[in-house]
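Enquirer: The following comprises the amino acid sequence and a computationally predicted model.
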Amino acid sequence: MRVAAQGKSRTPTKYKNTAETFIFKAAVLASYDTQSMPAVVAMFWPGIALRSPAYTTKKRVVLRWRQHRSHIDSMAASAKTSKLKR
C-alpha cells in the first residue's frame with residue numbers, strides 16, 4: 001500500500017503525466033529538428049537519465065507530438081491558444 005500524501009488520508013497519484021503548453025511542445029519539436037533525441041531530452045528535462053524508464057516515456061511523448069505537429073504548430077501560432085495545454 002502506498003503512503004498517504006502529505007499526511008492526508010488520500011493516497012498519492014500513481015502516474016505523473018504532465019500536460020505541456022503548445023508553446024513548449026513546439027519548442028521541443030523545433031529543437032528535435034536539429035538535435036538528437038538524447039540531446040533534446042537532456043535540454044528540456046535535465047533530471048532524466050539516459051536509458052531509464054523515464055527517458056523512454058519522454059521519447060515516446062516527443063514522437064507522439066511529432067505525429068501531431070501540424071495541430072501543435074497551429075495552436076502555438078495563435079496568442080489565444082498558445083498557453084493551452086490540450
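Expert: Thanks, I have the structure now.
Enquirer: Quick one: residues in contact with the host helix or strand of residue 30.
Expert: With elements taken from DSSP states H and E, the one containing residue 30 is helix 22-34. Identification of contacts with helix 22-34 by C-beta atoms under 8 Å, 6 or more residues apart in numbering yields 20, 39-40, 43-44, 62, 65-66, 69, 72-73, 75-76, 81-85. Backbone N, C-alpha and C define where each C-beta goes, glycine included.
Enquirer: Please check these and keep the buried ones.
Expert: Among the contacts of helix 22-34, those that count as buried by neighbour count (16 or more other C-beta atoms under 10 Å) are 20, 40, 44, 62, 65, 72, 75-76.
Enquirer: next structured bit after the longest helix belonging to the chain?
Expert: For the chain, the helix with the greatest residue count under DSSP state H is helix 53-67. Sequence-wise, the next helix or strand downstream of helix 53-67 (DSSP H and E) is helix 69-77.
Enquirer: Check which helices and strands that next one sits against.
Expert: The elements that helix 69-77 packs onto, with contact taken as 3 or more C-beta pairs under 8 Å, 6 or more residues apart in numbering; DSSP states H and E, are helix 22-34.
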